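>>> sequence below, structure please.
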Amino acid sequence: MLRRTPFLTQPLILWTGAQMEKNTLLAFAERRTTAADESTEMLVMKRGTLKKDDCNKWSELEEVKKARLSGYRPMNPCPVYEKNTKTLFLFFICVKGTVSEEYQRYLGCNKTRLCYIKSHNDGQDWEEVQDLTDKLHDVIKDWTTFAVGPGHGIQLSSGRLIIPAYAYFPCVPFNCSHPFALCLYSEDSGETWKVGNKLKKISLECEMAEIFDDAGQSYVYCNARSEGGCRIEAVSENNGEDFRILDSADKLVETGKGGCQGSVIAFPAQGESENANSIPSQNAKTWLFFTHPTSNSSRTNLGTYVNRSPLKPSEWSCPWVIQNGPSGYSDLALIGDGQFACIMECGEQSELERIACVVFTYRDFTEHEKSVVFS
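Purely as a prediction, here's the structure:
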């Protein structure tokens, strides 16, 4: 059974979530004056304490005042939590004035900077903004423009931190550019950052997850927005430095010509007995949940998909629609006790009307599968 809680009724924002310790969920968004990306004013956040079978009432909206550079607008919040030092990193981009992504792409003038802030008390206080652009100049100088997220980053079992991103690369000799997904990563708890190699297929906003096969082998799985048709899936065997494109099975449809952001999260393989309610299996294998609009023409009917063999795109399930009607960007979190939280854009006439939080279990998903099979 779905358990839905209103989260935010202010329209015209994008959001992303970060799961913390102590059952705390933080959600970040762009506060805008219009639907246009260029109208973003600042980043905002809300805080919720997770309870069994529900999302609780969220806190009042807070402005993330440290997340900005003078003369730039902050965009695309992308948090990651470093468990060893208990540090929350909030990555974002800062774009000069009201310069659009299209302007940068077509004129080849990158006006975007890569920034982050960090907190040691679950986002109650933030340190001063850090600008990584010049430190990564040797890589970023070749990009027409770029963005992180929006969506959560991950920490691998090895301790490596990963921030999903995409960058536009100029086409030679033509005066244009194409986007490719990639990641930023850190081996030293966020002290220094490097950039991995791009996917070898045109791809946009992405999220990543660490998955394990039956033998316990670790992979970084990437699920990326495409320019139409179906989603781009790729895996890395060297912790996100290089990715191999998986052959598409056309199970995960993309939305319209320009696509839409989607969310992916790994979770322990589950028991399948009649009385099981998210009981982990005895091996280290992981499965994937994925959320995205299910329509191939418009941002509507947000669905949840599961893959019990993540290295095989053909194994994605049919979607379970958890939000009927207009729905867009989403983000998933595994919140313990076999439960998942999904925060999503949704509305009656437009997906930009409000944001809601939905809590569900793996058992809820399997009950839906049974009803579809035997109906």
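
>>> please make it C-alpha for all contacts and neighbour counts, starting now.
Noted.

>>> which of the three states applies to Tyr103?
Reduced to three states with DSSP: H, G, I helix; E, B strand; the rest coil, the structure at Tyr103 is helix.

>>> break down the chain into its helices, ranges please.
Secondary structure of the chain, counting by DSSP state H: helices at 101-107, 137-140, 362-374.

>>> those helices: lowest mean pLDDT?
Lowest mean pLDDT of the helices of the chain: helix 362-374, a mean of 76.

>>> where are the low-confidence patches of the stretch 101-250 of the chain?
When residues are selected by pLDDT under 70, those of the stretch 101-250 of the chain lie in 173-174.

>>> picking that back up, possible to save the helices of the chain as JSON lines with distance to Ile265 and mean neighbour count?
Converted to JSON lines, these look like this (distance: least, Cα to Cα, whole Å; neighbours: other Cα atoms under 10 Å):
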{"stretch": "helix 101-107", "distance to Ile265": "28", "mean neighbour count": "16"}
{"stretch": "helix 137-140", "distance to Ile265": "28", "mean neighbour count": "14"}
{"stretch": "helix 362-374", "distance to Ile265": "13", "mean neighbour count": "13"}
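
>>> Throw the ones you listed into TSV and include distance to Ile355, thanks.
Shown next, in TSV, are these (distance: least, Cα to Cα, whole Å):
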stretch	distance to Ile355
helix 101-107	25
helix 137-140	33
helix 362-374	22
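
>>> quick one: closest of these to Tyr305.
For Tyr305, the closest of the helices of the chain is helix 362-374, at 8.8 Å, according to Cα to Cα.

>>> that older thread, what's the closest of the helices of the chain to Ser314?
That would be helix 362-374 among these, by Cα to Cα, at 16.8 Å.

>>> now do the strands in the stretch 101-250 of the chain.
112-119, 130-131, 145-148, 154-155, 161-171, 176-186, 194-195, 206-212, 218-224, 232-236, 244-245 (DSSP state E, counting those that start in this stretch).

>>> dump the ones you listed into JSON lines; add mean neighbour count as well.
Output for the strands of the stretch 101-250 of the chain, formatted as JSON lines (neighbours: other Cα atoms under 10 Å):
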{"stretch": "strand 112-119", "mean neighbour count": "22"}
{"stretch": "strand 130-131", "mean neighbour count": "18"}
{"stretch": "strand 145-148", "mean neighbour count": "27"}
{"stretch": "strand 154-155", "mean neighbour count": "21"}
{"stretch": "strand 161-171", "mean neighbour count": "24"}
{"stretch": "strand 176-186", "mean neighbour count": "23"}
{"stretch": "strand 194-195", "mean neighbour count": "16"}
{"stretch": "strand 206-212", "mean neighbour count": "26"}
{"stretch": "strand 218-224", "mean neighbour count": "25"}
{"stretch": "strand 232-236", "mean neighbour count": "24"}
{"stretch": "strand 244-245", "mean neighbour count": "14"}
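
>>> thinking again about what came up before, out of the helices of the chain, which is closest to Ala224?
helix 101-107 (18.4 Å).

>>> which other residues reach the closest one?
With contact meaning Cα atoms under 8 Å, 6 or more residues apart in numbering, helix 101-107 is reached by Cys109, Asn110, Lys111, Thr144, Thr145, Tyr168, Asn175, Cys176, Ser177.

>>> do I have it right that Leu90 meets Pro79?
Yes - using Cα atoms under 8 Å, Leu90 makes contact with Pro79 at a distance of 4.3 Å.

>>> and those two? which has more neighbours close in?
Legend: neighbour count by other Cα atoms under 10 Å for Leu90 and Pro79, higher for Pro79 (29 against 25).

>>> just to revisit the earlier point, from the contacts of helix 101-107, which two are the most distant?
Taking Cα to Cα, no two of the contacts of helix 101-107 sit farther apart than Lys111 and Asn175, at 17.5 Å.

>>> pick out whichever of the two has more residues nearby.
Neighbour totals were compared for Lys111 and Asn175, and Lys111 leads with 18 against 11 (other Cα under 10 Å).

>>> could you measure from the more buried one over to Ser100?
According to Cα to Cα, to the nearest Å, Lys111 stands 9 Å off from Ser100.

>>> picking up where we left off before, can you redo the contacts of helix 101-107 as JSON lines with distance to Cys346?
Shown next, in JSON lines, are those (distance: Cα to Cα, whole Å):
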{"residue": "Cys109", "distance to Cys346": "34"}
{"residue": "Asn110", "distance to Cys346": "32"}
{"residue": "Lys111", "distance to Cys346": "31"}
{"residue": "Thr144", "distance to Cys346": "32"}
{"residue": "Thr145", "distance to Cys346": "29"}
{"residue": "Tyr168", "distance to Cys346": "29"}
{"residue": "Asn175", "distance to Cys346": "37"}
{"residue": "Cys176", "distance to Cys346": "33"}
{"residue": "Ser177", "distance to Cys346": "31"}
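
>>> and which of the residues you listed is nearest Tyr305?
Tyr305 lies nearest to Tyr168 out of the contacts of helix 101-107, by Cα to Cα, at 28.9 Å.

>>> bridging residues for that closest one?
For Tyr168, the beta-bridge partners under DSSP bridges are Thr145, Pro179.

>>> next one: Met344
Met344 forms beta bridges with Ser330, Ala356, as assigned by DSSP bridges.

>>> can you give me the distance of it to Tyr116?
Separation of Met344 from Tyr116 (Cα to Cα): 23 Å.

>>> and what of Arg105?
To Tyr116, Arg105 is 23 Å away according to Cα to Cα.
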